[in-house]
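[1] everything below, folded, please.
(3 chains)
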Amino acid sequence: MPLVRIDLMEGRSAEQLAAIGEAVQRALVECLNVPARDQFQIVTEYFTGRLIYNSGYLGIERTDDIMIVQILLSSGRSVAQKQAFYARAAELIFQGAAIRPEDVTIVLLENTRADWSFGRGEAQYLTLPRQRWN
Amino acid sequence: MPLVRIDLMEGRSAEQLAAIGEAVQRALVECLNVPARDQFQIVTEYFTGRLIYNSGYLGIERTDDIMIVQILLSSGRSVAQKQAFYARAAELIFQGAAIRPEDVTIVLLENTRADWSFGRGEAQYLTLPRQRWN
Amino acid sequence: MPLVRIDLMEGRSAEQLAAIGEAVQRALVECLNVPARDQFQIVTEYFTGRLIYNSGYLGIERTDDIMIVQILLSSGRSVAQKQAFYARAAELIFQGAAIRPEDVTIVLLENTRADWSFGRGEAQYLTLPRQRWN
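    Here you go, the predicted model:
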């Protein structure tokens, strides 16, 4: 269900991009109750001047390693779950792709179960029993 | 009012991209009460490894023909309208661009009428009478 | 807190892109109570046929100078604040980058304070006192 958009500066290897995607996905599975196979991610790389960020906002030291992870998912996660997710995602991204936690920016965005069609013109989260979400 | 983002793998012809856009727009008009001229779409193509998807989630067989259609629109559509839209969009995309319904993923995202400015610094959905929305 | 996505046709100079970003940010600060340093913007340029728009919807005359500005921010701004923002953003973009107000399309999208992590795996808007947001 989540649609993940990962925006970062150009210059990563394919391996590092894959490692980032896997780290985000694993944190979603562990902390936000996302099925393991429910992985849909869009990665975009930017030239200088196209991804603009403040390097010191809120006392965090950001560098050009910055990644902005926007995650669209159905509502229903608690604040505590979200906080656990941020911490775990930053940890796994550091372990898997060697990006400092200071450079990991995450934004969540919520919709509802009726807002998803995973193919065949159907709204699977309305029509499929929950046990079959995998 | 909808802002449509269509993400897919690189390699489509200009004609096929246009056909996809037209199919989505027609389904919006037919099923979600969108004015015909209210067409704003952003199409982005990706290299391998930049658009990541699970090929079997929820029992749907996806291929690299996958397209992810994200539609931002004002709230107010019923669940039944959304379901009709998914079915019609998949049908029209297949007819117009020969993309299998299994490869059509759709995500809706809602905001409010106050959240749109269509130019000149005005919030037209607040200031223009509804009869003039076309 | 806002995540700004600016989509426009290719062909701008680096200076003009920077001027657009600065104009949007200044309007956010002046009208929507955004801290000056809270600047996170993603700029994407498109080839013909990838950014599709209706040139006359709602009686506005749009050209290929069109820019679509999508702003994701926490909820809490009034309708009047949003209207002031649209007007001011269009004015500053015209002054700074010579883009006609007719070509400035703006869309807002809201989430909550719990939905942001600005680095280090923390949800700063929940854990930092408001006086320290800068």
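[2] does chain B sit close to stretch A:62-78?
    Yes: Stretch A:62-78 lies within reach of chain B by Cβ under 8 Å from any Cβ of the partner chain, at A:Leu72. Yep, even glycine has a C-beta here, placed from its N, CA and C like the rest.
[3] what's the spacing between that stretch and its chain's center?
    5 Å (Cα atoms, centre = their mean, to the nearest Å).
[4] tell me if that stretch is near chain C.
    Yes: using Cβ under 8 Å from any Cβ, stretch A:62-78 reaches chain C at A:Arg62, A:Ile68, A:Gln70.
[5] right, and A:Ile60 touches C:Gly121 too?
    No: shown here, A:Ile60 and C:Gly121 do not form a contact pair, counting by Cβ atoms under 8 Å, at 10.8 Å.
[6] re earlier: from the residues of stretch A:62-78 next to chain C, pick the one nearest chain B.
    Nearest to chain B, judged by Cβ to the nearest Cβ, of the residues of stretch A:62-78 next to chain C is A:Gln70 at 10.9 Å.
[7] could you measure from A:Phe118 over to chain C?
    22 Å (Cβ to the nearest Cβ, to the nearest Å).
[8] same question for A:Leu28.
    Taking Cβ to the nearest Cβ, one finds A:Leu28 at 14 Å from chain C.
[9] helix, strand or coil for that residue?
    Per DSSP: H, G, I helix; E, B strand; the rest coil, the local secondary structure of A:Leu28 is helix.
[10] ok, the residue nearest to it when sequence neighbours are not counted to chain B distance?
    Setting aside the residues directly before and after it, A:Leu28 is nearest to A:Val34 in space (Cβ to Cβ, 6 or more residues apart in numbering or on different chains), at 4.0 Å. Separation of A:Val34 from chain B (Cβ to the nearest Cβ): 11 Å.
[11] show me the contacts for the closest residue to chain C within chain A.
    Across chain A, the shortest distance to chain C (Cβ to the nearest Cβ) belongs to A:Ala90, at 3.3 Å. By Cβ atoms under 8 Å, 6 or more residues apart in numbering or on different chains, the contact list for A:Ala90 reads A:Pro101, A:Val104, A:Ile106, C:Ser117, C:Gly119, C:Arg120, C:Gly121.
[12] quick one, phi psi at the third one?
    So that's A:Ile106. In terms of degrees, to the nearest 10, the main-chain angles of A:Ile106 are phi -130, psi 140.
[13] count of neighbours near the spatially closest residue to it that is not a sequence neighbour?
    With Cβ to Cβ, 6+ apart as the criterion, A:Ile106 has its nearest non-adjacent residue at 4.2 Å, and that residue is C:Ser117. Each residue near C:Ser117 was counted by other Cβ atoms under 10 Å in any protein chain shown, and the total is 27.
[14] name the element A:Ile52 belongs to?
    Assigned by DSSP states H and E, A:Ile52 belongs to strand A:51-53.
[15] give me the sheet partners of that strand and which way each runs.
    Strand A:51-53 has its sheet partners listed here by DSSP bridges as strand C:40-46 (antiparallel).
[16] show me the contacts for the residue of chain A found nearest chain B.
    Residue of chain A nearest chain B, by Cβ to the nearest Cβ: A:Gly121 (3.3 Å). Residues in contact with A:Gly121 (Cβ under 8 Å, 6+ apart) are B:Tyr86, B:Ala87, B:Arg88, B:Ala89, B:Ala90, B:Glu91, B:Pro101, B:Val104.
[17] give me that answer again for 7 Å
    Counting by Cβ atoms under 7 Å, 6 or more residues apart in numbering or on different chains, A:Gly121 makes contact with B:Tyr86, B:Ala87, B:Ala89, B:Ala90, B:Glu91, B:Pro101.
[18] from these, which would you call buried?
    B:Tyr86, B:Ala87, B:Ala89, B:Ala90, B:Pro101 (16 or more other Cβ atoms under 10 Å in any protein chain shown).
[19] need these in JSON lines (columns: pLDDT, secondary structure and distance to A:Glu10).
    JSON lines is the format used below for the buried ones among the contacts of A:Gly121 (pLDDT from 0 to 100; DSSP: H, G, I helix; E, B strand; the rest coil; distance: Cβ to Cβ, whole Å):
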{"residue": "B:Tyr86", "pLDDT": "98", "secondary structure": "helix", "distance to A:Glu10": "35"}
{"residue": "B:Ala87", "pLDDT": "98", "secondary structure": "helix", "distance to A:Glu10": "39"}
{"residue": "B:Ala89", "pLDDT": "98", "secondary structure": "helix", "distance to A:Glu10": "33"}
{"residue": "B:Ala90", "pLDDT": "98", "secondary structure": "helix", "distance to A:Glu10": "34"}
{"residue": "B:Pro101", "pLDDT": "98", "secondary structure": "helix", "distance to A:Glu10": "34"}
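[20] which residues touch the least confident helix or strand in chain A by mean pLDDT?
    The least trusted helix or strand in chain A, going by mean pLDDT, DSSP states H and E, turns out to be helix A:124-127, with a mean of 94. With Cβ under 7 Å, 6+ apart as the test, helix A:124-127 has contacts from A:Met1, A:Arg113, A:Ala114, A:Trp116, A:Phe118, B:Leu58, B:Val79.
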